[in-house]
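Asks: Prediction below, plus the sequence it came from.
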Amino acid sequence: MKISIKNIFAFVGSMIVLNVANAQQDPVTLSGTLTEKIDAELILFKTVNNKIQKLGEHMINPSNLDFVFVLPADTTINYSFQVKTLKQGHMRLETDKYFTLPLTLKPGQNYSLKITLSKFDAAKKTGFELKPGTKKTSIAFVSGELVNWKLGGTITIKRVVDGSFETVNSVNAEKEKPFLVPCVVKEEGFYYLSSLRWKLRVYLKPSDKLELAIDGKWGSYEVINGSEENKSMQKWQQLIFPITNYGYNLSILQRDTFDLNTYQKTYESLEPSIVNFRNNINHTGSRFSKLFKMAIDVDKEFAPILFLFNSPVKKTNGFISTPKNFNDVPAFYQRFIQVNKFSDASLLNIGEARSYMNLYAKLVIAVLPEEKRKQLTQSEKLGLKINAISNDTLKSYFFKDQMSEIEVNNLTEFRSTFEPYKKYTKPAAVKKKYLDVYQGFVGDTAYVGKSSYNFSLPDSTGRMISMKDFKGKVVFIDVWATWCGPCREQFPFLKEIEEEYKDNNDIVFMGKSIDRATDRKKWLNAMKKENLHGVQLLDDMGKFFAHKYDIHAVPRFLLISKEGKWIEVRCPRPEAKEDLKKYLDKALQEKPLVKD
């Protein structure tokens, strides 16, 4: 598809202006703030003919407590405003409490709403203040219509926070009807409009009104009405479409376009135009000029690097895997690797910044000689990646993302991999991530080095098996369940490892299923189907082993020494064969106990 979508929008362009204008004749702007720092999701509902419809959502966090909704008020419609507070769970924010406030709104009247949740009581009318009138100076509006899209959907607007995306507001866009998304804009900058399929970058200032015609399938767009900044950005998106049309801004990549040689030729032919476009940006000296040039620099390198990263990925059995690293790196890509790269922390104003840094760092590792790459420890590899970035602030946020990407299995690995770079945890968000990861493992110290001789479980014949039965042997434990898909995915890898150690009498491979005791037959059938070997035990819903060792998710792999003490209660999965073998071999190297 060509980037120019004028033919598609020629007919609808004038209609959008009229439709959106009509839709905005009598809208109500409901803006406000939460007075207490909290994470929450705000949802606005309307009820028509006893049917509840969600009109929009707004995300709140301690650094962004203001909100805004726009709706066509109608006295025949019942509205309700819901606050869903969130609390930190084990892995992510989870729902905590709900607060609901019925709303009666007059047509043509704007409102402001202030909420103090600690005092909230809808029946007593405390903890909130709804008043007519609102200040609109900080509110920007993005409107438009989706074409070439047969379905409705959710349109979301995101702001840039520390080089990544944070959802602000979302509305339901009905098929072939205009949408209107309000956004509190306290400082001009890049925002991103997105759907489940695409995202597009826009530039917003307080009180801006931006009207777009968006191709719902491809995410390409025309600025129907808007600032010169957004018109310049539209021209940029049109210019680089030949090197982004594989899906740079799409959630689903267009893999039929993945021909590396053709892509490189296209890129090289386009380079002079890219350089010329950047040199002729006519907003010299403005905040927009600096950010726009920075965004251009990101796009012109991130787009081809992302293309290379995904180009070798193939579909297997209908499933497309997500690549973890680069395969071969053509000489063409050496041009993107430079000394003193990422030297300006202002890059964090670009939403793609952290994804770009992450992929660039992987590229730096990928161009190393293969023999050197193989010799690198996890920590050494992380150090090389961090040093590929010049600015310390950028290094900090890169480190934060690496703590999510790099899989460390236990406190020992945490200390060897992440502790050497603790100095990069000065930003509050990075320090919090570091402590969260640490806290996930620190509880294991209650077990490591302690005796494992404190439980017994039945085997497939019903005979009770104690860990004391394996005194003098290394015991590798797989905690699994018949209903756990990821557990069963590990079985082929586990069998490979068992095969390698089959002649070693100093190691025992043990499985512990946390199926119900009443599902014993199901457990036996699963073992037969999977052809499981070694010692197999049944831990009734985890009552006698898993709960004792704080195991709440499976699969989980543990290791016991010849002395019967816990070496680790979190080992690498068998799919990480070489990593796991290091644990097993080290345990086996211990001198066997002297038998009485």
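Replies: Okay, I see it.
Asks: where does the stretch 301-450 of the chain have low pLDDT?
Replies: For the stretch 301-450 of the chain, the stretches flagged by pLDDT under 70 are 314-321.
Asks: show me where it has helices.
Replies: In the stretch 301-450 of the chain, the segments counted as helices under DSSP state H, counting those that start in this stretch are 353-366, 370-375, 378-387, 392-405, 411-417, 428-442.
Asks: Buried residues, stretch 366-384. List them.
Replies: In terms of neighbour count (16 or more other CB atoms under 10 Å), stretch 366-384 has its buried residues at 366, 379, 381, 382. (C-beta placed from N, C-alpha, C; glycine too.)
Asks: picking up where we left off before, format the helices of the stretch 301-450 of the chain as a markdown table; extra columns: distance to residue 453.
Replies: Listed next are these as a markdown table, based on distance: least, CB to CB, whole Å:
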| stretch | distance to residue 453 |
| --- | --- |
| helix 353-366 | 44 |
| helix 370-375 | 39 |
| helix 378-387 | 33 |
| helix 392-405 | 35 |
| helix 411-417 | 22 |
| helix 428-442 | 24 |
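Asks: quick one: which of those helices is nearest residue 275?
Replies: helix 353-366 (19.3 Å; CB to CB).
Asks: What residues sit buried inside stretch 150-158?
Replies: Buried-residue list, stretch 150-158, by 16+ other CB under 10 Å: 153, 155, 156, 157, 158.
Asks: contacting residues around it?
Replies: Outside stretch 150-158, the residues that touch it by CB atoms under 8 Å, 6 or more residues apart in numbering are 142, 146, 165-175, 177, 179, 181, 183, 191-196, 199, 216, 351.
Asks: Narrow those to those that are buried.
Replies: Listed as buried from these are 142, 146, 165, 167-171, 173, 179, 181, 183, 191-195, 199, 216, 351; burial here means 16+ other CB under 10 Å.
Asks: ok, back up a step: looking at the contacts of stretch 150-158, which are in strands?
Replies: Applying DSSP state E to the contacts of stretch 150-158, the entries found in strands are 142, 146, 165-173, 179, 181, 183, 191-194, 199.
Asks: I'd like the next helix or strand past the least confident helix or strand in the chain by mean pLDDT.
Replies: Lowest by mean pLDDT, DSSP states H and E among the helices and strands of the chain is helix 6-23, with a mean of 39. Sequence-wise, the next helix or strand downstream of helix 6-23 (DSSP states H and E) is strand 27-34.
Asks: Name the residues of that following strand that are buried.
Replies: Within strand 27-34, the residues that count as buried by 16+ other CB under 10 Å are 27, 28, 29, 30, 31, 32, 34.
Asks: same check, this time on stretch 290-302
Replies: Neighbour counts over stretch 290-302 (16+ other CB under 10 Å) mark 290, 291, 292, 294, 295, 296, 298, 299, 300, 301, 302 as buried.
Asks: With stretch 218-232 instead?
Replies: The neighbour-count check on stretch 218-232 (16+ other CB under 10 Å) flags 218-227, 229-230, 232 as buried.
Asks: and it, C-alpha only, in PDB?
Replies: Provided in PDB are the C-alpha atoms of stretch 218-232 (Å, rounded to 0.1, in the frame of the first residue of the first chain):
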ATOM      1  CA  TRP A 218      -2.200   0.200   8.200                       C
ATOM      2  CA  GLY A 219      -2.000   3.200  10.600                       C
ATOM      3  CA  SER A 220      -1.100   5.600   7.800                       C
ATOM      4  CA  TYR A 221      -2.900   9.000   8.100                       C
ATOM      5  CA  GLU A 222      -3.600  12.400   6.800                       C
ATOM      6  CA  VAL A 223      -3.700  15.600   8.900                       C
ATOM      7  CA  ILE A 224      -7.100  17.000   8.100                       C
ATOM      8  CA  ASN A 225      -6.800  19.900  10.500                       C
ATOM      9  CA  GLY A 226      -3.900  20.500  12.800                       C
ATOM     10  CA  SER A 227      -0.600  22.200  13.600                       C
ATOM     11  CA  GLU A 228       2.300  22.700  11.200                       C
ATOM     12  CA  GLU A 229       4.300  20.400  13.400                       C
ATOM     13  CA  ASN A 230       1.900  17.500  12.800                       C
ATOM     14  CA  LYS A 231       1.900  18.300   9.100                       C
ATOM     15  CA  SER A 232       5.700  18.100   9.000                       C
END
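Asks: Now do that stretch: distance to the chain's middle.
Replies: The chain centroid and the centroid of stretch 218-232 are separated by 28 Å under CA atoms, centre = their mean, to the nearest Å.
Asks: Understood, closing this out.
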